[in-house]
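> need a structure here:
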Amino acid sequence: MSADQTSTVATLSERTTLPLARAINEGLRAAMAADERVILMGEDIGPLGGVFRVTDRLQADFGSARVLDTPLAEAGIIGSAIGLAMRGYRPVLEIQFDGFIFPGFNQIVTQLAKLTSRHDGRVPMPVVIRVPYGGHIGAVEHHQESPEAYFAHTPGLRVVAPSTPNDAYWMIQQAIRSDDPVLFFEPKAKYWMKGEVDPTGEPGELHRTRVAREGRDCTVVGHGAMVTTLLQAAEVAQSEGTSLEVVDLRSLSPIDFEPLLASVRKTGRLVVAQEAQGNASLGSEIAAHVAEHAFYSLQAPVLRVSGYDVPFPPARLEGIYLPDADRVLEAVDRTMHY
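Numbering: from 1, shown residues only. Just a heads-up that it's a prediction; the model follows:
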């Protein structure tokens, strides 16, 4: 598609309410209309629009040369994207489900993450890997995992996770503009959660932590779908006389710690929540960093709420495995009574 043809594709122009999946779709559309080097690749993302329909109608609007259905081969998808990035393209890849990313793990951590450094900064790697992640959809193993810590641990990768449709719309465009590889974790449980999207004003930097709800008694922090759970817990706590400050990380690598530290210095308490297992996790890193940098502000130990350190269970047990508002509130009660 030529630049003239690209510019005729309709993009979002006014404030509206959209599901998170549609917000990502509109963000992809805007990025593709703005830059003909942006191409999409993945399994069943063309006529089908992906299993979650996030790429719905994009092939019809931009053509099969820019929205490519690929074989079922994640290592091949990522390896091809590395070559395309070297040739000046800006590939955006869809990994169909979180647990399917591991066949491409070697390409991500030993090639994609290191090529720019290996060439002393002269070879940018503008590759975005979209990863639907997390639970709450009643699926089987390999379809409900939270592997974000593997990639946050890897130097050379940026890792982000939106929690609202407005963030999803803007963050996917910001990720595509990055010259570094970005792992873009999408909370699949929130794909159909609606929220306002404002295409007229970009909401800050890609890696900026935000305070989603002001509070005074205890800070609770999470990312992606967990932010909704924390906001639900804050509503219940408010009815019981406890004011929770909810912090949305948005970026998992790098983490913008200063807003979180400022919140902890105000409340004196912190509960970290995540769907992923607790051992050697993002929650572990956040707890360690806060203990190191805000020790004298803490009135209680940092507490963590997470999935259990076992493989993701069958669908009927996911309600026991995944943290909910009750488990968050139990941790809040423990830190408040310490």
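> CA atoms for contacts and neighbours, from now on please.
Fine.
> Would you confirm that residue 243 contacts residue 213?
No - the pair residue 243 and residue 213 fails to qualify as a contact (C-alpha atoms under 8 Å) at a distance of 9.7 Å.
> So these two - more neighbours on which side?
Remark: of residue 243 and residue 213, residue 243 carries more neighbours, 20 against 16, as counted by other C-alpha atoms under 10 Å.
> what's near enough to touch the more buried one?
Each residue near residue 243 by C-alpha atoms under 8 Å, 6 or more residues apart in numbering is listed here: 215-218, 234, 237.
> Same question for residue 250.
With C-alpha under 8 Å, 6+ apart, residue 250 has these contacts: 160-163, 206-210, 223-224.
> ok, now residue 122?
residue 116.
> try it again with 10 Å
Going by C-alpha atoms under 10 Å, 6 or more residues apart in numbering, residue 122 touches 115-116.
> Compare the contacts of residue 250 and tell me which is most surrounded.
residue 161 (30 neighbours).
> Touching, that one and residue 169? I think so.
No - taking contacts as C-alpha atoms under 10 Å, residue 161 lies outside contact range of residue 169: 11.7 Å.
> and residue 326, what element?
With secondary structure defined by DSSP states H and E, residue 326 is part of helix 325-336.
> Point out the other helices and strands that that helix packs with.
strand 218-222, helix 225-239, strand 270-277, strand 303-307 (3 or more C-alpha pairs under 10 Å, 6 or more residues apart in numbering; DSSP states H and E).
> Indicate which one of those is closest to residue 184.
Across these, residue 184 has its closest neighbour in helix 225-239 (13.7 Å, C-alpha to C-alpha).
> The following helix or strand past that closest one pairs with which strands, parallel or anti?
Once the chain leaves helix 225-239, the next helix or strand it forms, by DSSP H and E, is strand 244-248. When pairing is defined by DSSP bridges, strand 244-248 lines up against strand 210-213 (antiparallel), strand 218-222 (parallel).
> mean confidence score for the shortest one?
Looking back up the chat, that one is strand 210-213. Mean pLDDT, strand 210-213: 97.
> Export only the CA atoms of that strand, formatted as CSV.
Extracted in CSV, the C-alpha atoms of strand 210-213 (Å, rounded to 0.1, in the frame of the first residue of the first chain):
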residue,chain,number,x,y,z
ARG,A,210,0.3,6.4,37.4
VAL,A,211,-1.8,6.7,40.5
ALA,A,212,-5.1,5.2,39.6
ARG,A,213,-6.8,6.1,42.9
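> now that strand: how far from the chain's centre is it?
16 Å (C-alpha atoms, centre = their mean, to the nearest Å).
> out of everything not next to it in sequence, what's closest to residue 141?
residue 312 (6.1 Å; C-alpha to C-alpha, 6 or more residues apart in numbering).
> tell me which of the contacts of residue 243 is nearest to residue 190?
Among the contacts of residue 243, and counting by C-alpha to C-alpha, the member closest to residue 190 is residue 234, at 18.6 Å.
> Name the nearest residue to the closest one, sequence neighbours excluded.
residue 244 (5.4 Å).
> ok, the one you found touching residue 216?
Yes - contact criterion C-alpha under 10 Å: residue 244 and residue 216 qualify, at 6.3 Å.
> how near is the closest residue to residue 23 other than its chain neighbours to residue 30?
Among residues not flanking residue 23 along the chain, residue 169 sits closest, at 4.9 Å (C-alpha to C-alpha, 6+ apart). Residue 169 is 9 Å from residue 30, where distance means C-alpha to C-alpha, to the nearest Å.
> do the same with residue 64
Counting by C-alpha to C-alpha, the gap from residue 64 to residue 30 is 17 Å.
> And these two? Which one has more around it.
Using other C-alpha under 10 Å as the criterion, residue 64 and residue 30 rank with residue 30 on top: 23 against 16.
> could you redo the contacts of residue 243 as JSON lines and give each row neighbour count and distance to residue 324?
JSON lines is the format used below for these (neighbours: other C-alpha atoms under 10 Å; distance: C-alpha to C-alpha, whole Å):
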{"residue": "215", "neighbour count": "20", "distance to residue 324": "20"}
{"residue": "216", "neighbour count": "15", "distance to residue 324": "22"}
{"residue": "217", "neighbour count": "17", "distance to residue 324": "20"}
{"residue": "218", "neighbour count": "25", "distance to residue 324": "17"}
{"residue": "234", "neighbour count": "26", "distance to residue 324": "12"}
{"residue": "237", "neighbour count": "17", "distance to residue 324": "14"}
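> Closest one of those residues to residue 325?
Using C-alpha to C-alpha, the contacts of residue 243 come closest to residue 325 at residue 234, 8.6 Å.
> Just the pLDDT for the closest one.
Value for residue 234, per-residue pLDDT: 98.
> That one and residue 242 touch, don't they?
Yes - using C-alpha under 10 Å as the test, residue 234 is close enough to residue 242 to be in contact (8.1 Å).
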